[in-house]
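Asker: 3D model of this:
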Amino acid sequence: MVGRKQIHLKKHLSKNEIEKLLKEYKYYHKIYLRLLFIRMLDKGEDMNTVCEFFNITVPTGYNWLNAYNEEGFEGLKPKFAGGRPSKLTSQQFLKLKNMLDIKIDAGEKLSRKDVHMLIIEEFGVHYSLKRVGEIIRELGFNYNKAYPFLYKTT
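Answerer: Predicted coordinates for the structure are as follows:
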């Protein structure tokens, strides 16, 4: 007779504690999904069924289960590694901000393409125009509605 595979789930949290945490972390999507995953396993659901329900692979399901078994609730929190480092250093960002401040205070009208060319000329770094727009907003600048020129945000 073929039976279900035995899944070992450590009891770090009681059912009531899991329910309380589900209510508390409802707005933290990834933690919430992982808590639901643990709750379904705790209720005796099959790993394959639960993984299919959450649209994750079985190895990912076992990763979540192992993280929970080893660290408890803390193991369910995502661990972000940070991503790709920026092409410009923080000092270069400050220099760019100062350059834009000076040009705008002098009355120059700068478009996103102007800032793009400034970054290439000054730092030798190529960004897409979309990313240049994001950098402009991160530095505290914005665009006038009628004209696509930069101005300082207050």
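
Asker: burial of E122, as a residue count?
Answerer: Here the count is done by other CB atoms under 10 Å, and E122 has 13 residues near it. Bear in mind the C-beta positions are built from the backbone N, C-alpha and C, glycine included.

Asker: So which elements touch the longest helix along the chain?
Answerer: The residue-count maximum for a helix in the chain (DSSP state H) belongs to helix 90-105. For helix 90-105, the contact count by 3 or more CB pairs under 8 Å, 6 or more residues apart in numbering; DSSP states H and E identifies helix 112-123, helix 129-138, strand 150-152 as packing neighbours.

Asker: ok, residues contacting that helix?
Answerer: Residues external to helix 90-105 that are found in contact with it (CB atoms under 8 Å, 6 or more residues apart in numbering): 86, 88, 110, 115, 118-119, 122-123, 135-136, 138-141, 150-152.

Asker: Now it: average pLDDT?
Answerer: Across helix 90-105, pLDDT averages out at 89.

Asker: how close does the residue positioned nearest the centre of the chain get to I31?
Answerer: Central residue of the chain (CA atoms, centre = their mean): F80, 7.7 Å from the mean position. Applying CB to CB, to the nearest Å, the value for F80 to I31 is 13 Å.

Asker: what does L96 give?
Answerer: In terms of CB to CB, L96 sits 36 Å off from I31.

Asker: how about low-confidence regions in the chain?
Answerer: The model of the chain has pLDDT under 70 over residues 1-5, 26-27, 81, 143-154.

Asker: One more pass at 90, please.
Answerer: Where the chain drops to pLDDT under 90, the residues are 1-33, 55, 76-86, 88-90, 93, 101, 103-114, 129, 133-154.

Asker: Please parse it into its domains.
Answerer: What automatic domain parsing lists as the domains of the chain is 15-76, 90-152.
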